[in-house]
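Enquirer: no FASTA, just this:
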């Protein structure tokens with residue numbers, strides 16, 4: 001998209017491209033460093049709008065918070081008010097680690113109508 005925006009139906013200056021990420025609150029330090037060292041410079045160079053969001057609580061009605069909104073992102077914000085670990089703890093989900101990888105045994109979504 002950055003190399004040939006017209007092929008993707010975007011404006012040549014990428015003024016209509018927005019990158020949005022949702023922070024889960026348990027990103028690895030390596031991931032944060034790689035985003036800041038490699039992705040953010042590209043977004044800055046091309047003046048792409050970057051928005052970082054996080055959930056405000058366990059329910060859809062709790063909404064989302066905007067952690068960052070910039071065309072010159074510098075710093076990845078590692079957590080918001082509500083994290084994936086908060087969600088897993090609330091739902092009694094067990095996180096298991098094997099061989100350095102973390103896997104969730106049961107991931108559920110809690111809405112205003114209860115667990116699904």
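Expert: Perfect, thanks for sending it. Fair warning: this is a prediction, and the values are worked out from it, not measured in the lab.
Enquirer: What ranges does the protein have for its strands?
Expert: With DSSP state E as the criterion, the chain has strands at 18-22, 49-55, 64-70, 95-98, 101-104, 110-111, 114-115.
Enquirer: now stretch 6-16, how far from the centre of its chain.
Expert: Relative to the centre of its chain, stretch 6-16 is centred 23 Å away, using CA atoms, centre = their mean, to the nearest Å.
Enquirer: same check, this time on stretch 37-49
Expert: 16 Å.
Enquirer: Could you double-check that residue 78 lies in contact with residue 21?
Expert: No - here residue 78 does not reach residue 21: they are 11.7 Å apart, not a contact under CB atoms under 8 Å. Placement of C-beta: from N, CA and C, glycine included.
Enquirer: any weak-confidence spans in the chain?
Expert: Within the chain, the ranges that satisfy pLDDT under 70 run 94-116.
Enquirer: run the last query once more with 80
Expert: 93-116 (pLDDT under 80).
Enquirer: what about the helices in it?
Expert: 29-34, 40-45, 84-90 (DSSP state H).
Enquirer: how about those, which one is nearest residue 73?
Expert: Residue 73 lies closest to helix 40-45 among the helices of the chain, at 4.7 Å (CB to CB).
Enquirer: mind listing what's buried in that closest one?
Expert: 40, 43 (16 or more other CB atoms under 10 Å).
Enquirer: next one: stretch 34-41
Expert: Neighbour-count burial for stretch 34-41, counted by 16+ other CB under 10 Å, picks out 35, 39, 40.
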